[in-house]
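Trainee: I'll drop the sequence and a predicted model, then ask my questions.
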Amino acid sequence: MAKAILHMLSTLKHMSPFDVNMALDAGYDAAIPYTNVTLDEVTALVQDAMFSRAPSAALRTGIFFAGRDAVLALDMMDTAKKALLKPFEVSLFADPYGSFTTAGAMVACVEKILREKKQRELKGAKVVIYGATGVVGYSAAVISALEGAEVTVVGYSGLERVAKLADEMCKRFNIKVAPADGSSPEQVRELLRQHEIALCAARAGVQVLSKEDLAAAKDLLIAADVNAVPPLGVEGCGLHDNGVVVSPHGALGIGALAIGNVKYGTEAGLFKKMATSDVPLCLDFRHAFALARELV
């Protein structure tokens, strides 16, 4: 059998050692990093990798898209798709900064707790996403909206940037997402009061919601956090908490490592699918969410 080879393209100075380790542990024989890659270089790189192997070995060849920009990673994967030619098609997987698998795990954990402990579904739920201009927040917003949730994406630097991002999401995925400014503590609290689920995807080491914020949100059902660096994103929600009460009104908290455990399994599982598939695959956060649902 031909060796399983993964070409890992990043827009950053370094390829993530985390992703390299995950790929090799998942079964790839070799993982080759390419750094500072630009969008206009993708077609040549993909076709160079694709045409160097016999069609029978194409399925043992994968292209991974890293970096720290969700929109750019999706654009790169779209460009790679257009560069593929039968019968040399290879598999593609985008997970910039681990964000697609993290977001998929986050929403899957929330969905499970929401269903089991609140007897509710994501469809129709009012979801607010703090830190939505980041890669995890972007993906979590799209997944939630595709599942029928009423989604508000919150930025911390005024309305213009987050509104532009929301418009891009709506056009690319044919969804409805509302932008909001959360640049003051008062705005953060008021948005929390208006929603039922809070997804916190802000920078590491930043507390998004205080105990006072949680106490003011009478309709809040769940607050989930992907920040594992103190102070944590949701005050009173521990790293391993998975459905623990965090507010006087019974809101439940989901911590970063509870989500992280599902994320590890999701990223490893998608790499394994790529390395062993009988057909070429094209994987993004939607596939991550589907697998995370099976793992929670």
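Mentor: Sure thing, it's come through.
Trainee: so for stretch 31-41, what's the average pLDDT?
Mentor: Rounded to a whole number, the mean pLDDT of stretch 31-41 is 97.
Trainee: what about it, how long is it end to end?
Mentor: Distances were taken as CA to CA, to the nearest Å; on that basis the terminal residues of stretch 31-41 are 19 Å apart.
Trainee: List the buried residues in that stretch.
Mentor: Under the neighbour-count criterion of 16 or more other CB atoms under 10 Å, stretch 31-41 has 31, 33-34, 37 buried. In this view, the C-beta of every residue, glycine as well, is placed from N, C-alpha and C.
Trainee: how about the residues you listed in a markdown table, adding secondary structure and distance to Ala288?
Mentor: What follows is these, written out as a markdown table (DSSP: H, G, I helix; E, B strand; the rest coil; distance: CB to CB, whole Å):
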| residue | secondary structure | distance to Ala288 |
| --- | --- | --- |
| Ala31 | strand | 19 |
| Pro33 | strand | 21 |
| Tyr34 | strand | 22 |
| Val37 | coil | 22 |
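Trainee: Show me the two of these that sit farthest apart.
Mentor: The largest separation in the buried residues of stretch 31-41, counting by CB to CB, is between Ala31 and Val37 at 14.9 Å.
Trainee: Just the helices from the stretch 151-296 of the chain, written as ranges.
Mentor: Secondary structure of the stretch 151-296 of the chain by DSSP state H, counting those that start in this stretch: the helices cover 159-173, 185-193, 211-216, 256-276, 285-295.
Trainee: and the first one, how far out from the chain's middle?
Mentor: So that's helix 159-173. The chain centroid and the centroid of helix 159-173 are separated by 17 Å under CA atoms, centre = their mean, to the nearest Å.
Trainee: Name the nearest residue to the residue lying farthest from the centre of the chain, ignoring sequence neighbours.
Mentor: The outermost residue of the chain, judged against the average C-alpha position, is Ala54 (33.6 Å), by CA atoms, centre = their mean. Closest residue to Ala54 apart from its sequence neighbours, by CB to CB, 6 or more residues apart in numbering: Ala2 at 7.7 Å.
Trainee: Contacts only, for that neighbour.
Mentor: With contacts defined as CB atoms under 8 Å, 6 or more residues apart in numbering, Ala2 is in contact with 53-54, 56-57, 60.
Trainee: a markdown table for those residues, including distance to Val107, pLDDT and secondary structure?
Mentor: Converted to a markdown table, these look like this (distance: CB to CB, whole Å; pLDDT from 0 to 100; DSSP: H, G, I helix; E, B strand; the rest coil):
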| residue | distance to Val107 | pLDDT | secondary structure |
| --- | --- | --- | --- |
| Arg53 | 36 | 87 | coil |
| Ala54 | 40 | 87 | coil |
| Ser56 | 38 | 82 | helix |
| Ala57 | 36 | 85 | helix |
| Arg60 | 31 | 91 | coil |
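Trainee: Drop anything exposed from these.
Mentor: Members of the contacts of Ala2 that pass the buried threshold by neighbour count (16+ other CB under 10 Å) are listed as 53, 57, 60.
Trainee: Pretty sure the first one sits against Thr61.
Mentor: Yes - between Arg53 and Thr61 a contact is recorded at 5.8 Å, counting by CB atoms under 8 Å.
Trainee: how about the strands in the chain?
Mentor: Taking DSSP state E as the criterion, the chain contains strands spanning 5-9, 30-34, 61-65, 91-94, 126-130, 150-155, 177-181, 197-200, 222-225, 242-245, 252-254, 282-283.
Trainee: Which one, of those, ends up nearest to Asp48?
Mentor: Across those (criterion: CB to CB), the nearest stretch is strand 5-9, sitting at 9.0 Å.
Trainee: Output that closest one as PDB, restricted to C-alpha atoms.
Mentor: Once non-C-alpha atoms are left out, strand 5-9 reads as follows in PDB (Å, rounded to 0.1, in the frame of the first residue of the first chain):
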ATOM      1  CA  ILE A   5       1.300  11.600   3.100                       C
ATOM      2  CA  LEU A   6      -0.200  14.800   4.500                       C
ATOM      3  CA  HIS A   7       0.800  18.200   3.100                       C
ATOM      4  CA  MET A   8       0.100  20.800   5.800                       C
ATOM      5  CA  LEU A   9      -0.400  24.400   4.500                       C
END
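Trainee: now for that strand, which elements pack on it?
Mentor: helix 17-25, strand 30-34, helix 42-51, strand 61-65, helix 256-276 (3 or more CB pairs under 8 Å, 6 or more residues apart in numbering; DSSP states H and E).
Trainee: Having no further points to raise, I will conclude here.
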